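Q: Here is a sequence with its predicted model. Questions after.
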Amino acid sequence: MMNFVLVVTAVIFSLAAAGAIVRISRGPSLLDRVLATDVLLAILGGALCVDMAVNRHLNNLMLVVAISVIGFIGSVTVARFVADRREQPNES
């Protein structure tokens with residue numbers, strides 16, 4: 001039963017990662033690409049958590065925390081950058 005669940009989660013994570021990679025490569029705007037990168041990092045963190053649950057270890061816990069922090073800081077930084085650009089008046 002555990003192998004079936006592992007295969008199903010692997011397929012779901014693979015399809016989600018493929019969708020995120022497509023959005024990163026074809027995203028029409030910077031915000032779409034940043035959001036897709038954040039989703040890809042979340043998928044990677046979820047896959048590491050599934051690995052830890054299946055194999056009953058905590059070896060990747062610090063890596064999951066680091067990935068989460070990097071994704072959060074990156075998203076907030078880009079959102080602030082875009083917000084600053086939108087506040088400036090157009091000088092035309």
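A: Cool, the structure landed. Keep in mind the model is a prediction, meaning the values are calculated, not measured. Residues are numbered from 1 along each chain as shown.

Q: who touches the nearest residue to residue 60 once chain neighbours are set aside in this structure?
A: Distances taken as C-beta to C-beta, 6 or more residues apart in numbering place residue 48 nearest to residue 60, at 4.5 Å, with adjacent residues excluded. The C-beta positions use only the backbone N, C-alpha and C, and glycine is treated the same way. Neighbouring residues of residue 48 by C-beta atoms under 8 Å, 6 or more residues apart in numbering: 60, 63-64, 67.

Q: What helices and strands are in contact with the helix or strand where residue 25 lies?
A: Element membership for residue 25, per DSSP states H and E: helix 2-26. For helix 2-26, the elements it packs on are helix 30-55, judged by 3 or more C-beta pairs under 8 Å, 6 or more residues apart in numbering; DSSP states H and E.

Q: Run the angle between the helix it packs on and helix 2-26 for me.
A: Helix 30-55 runs at 160 degrees relative to helix 2-26, counting by axes from the mean of the first three to the mean of the last three C-alpha atoms, to 10 degrees.

Q: Which positions in the helix or strand that comes right after helix 30-55 come out as buried?
A: For helix 30-55, the following helix or strand on the C-terminal side (DSSP H and E) is helix 61-87. Across helix 61-87, burial judged by 16 or more other C-beta atoms under 10 Å covers 64, 67, 71, 75, 78.

Q: Skipping its backbone neighbours, what lies nearest the third one in space?
A: Read it as residue 71. Sequence neighbours aside, residue 41 is the residue nearest to residue 71 in space, at 3.9 Å (criterion: C-beta to C-beta, 6+ apart).

Q: cool, and the last one?
A: Counting by C-beta to C-beta, 6+ apart, residue 34 is the residue found nearest to residue 78 once chain neighbours are left out, at 4.5 Å.

Q: Tell me how far the residue nearest to residue 71 lies from residue 68.
A: For residue 41, the distance to residue 68 equals 8 Å [C-beta to C-beta, to the nearest Å].
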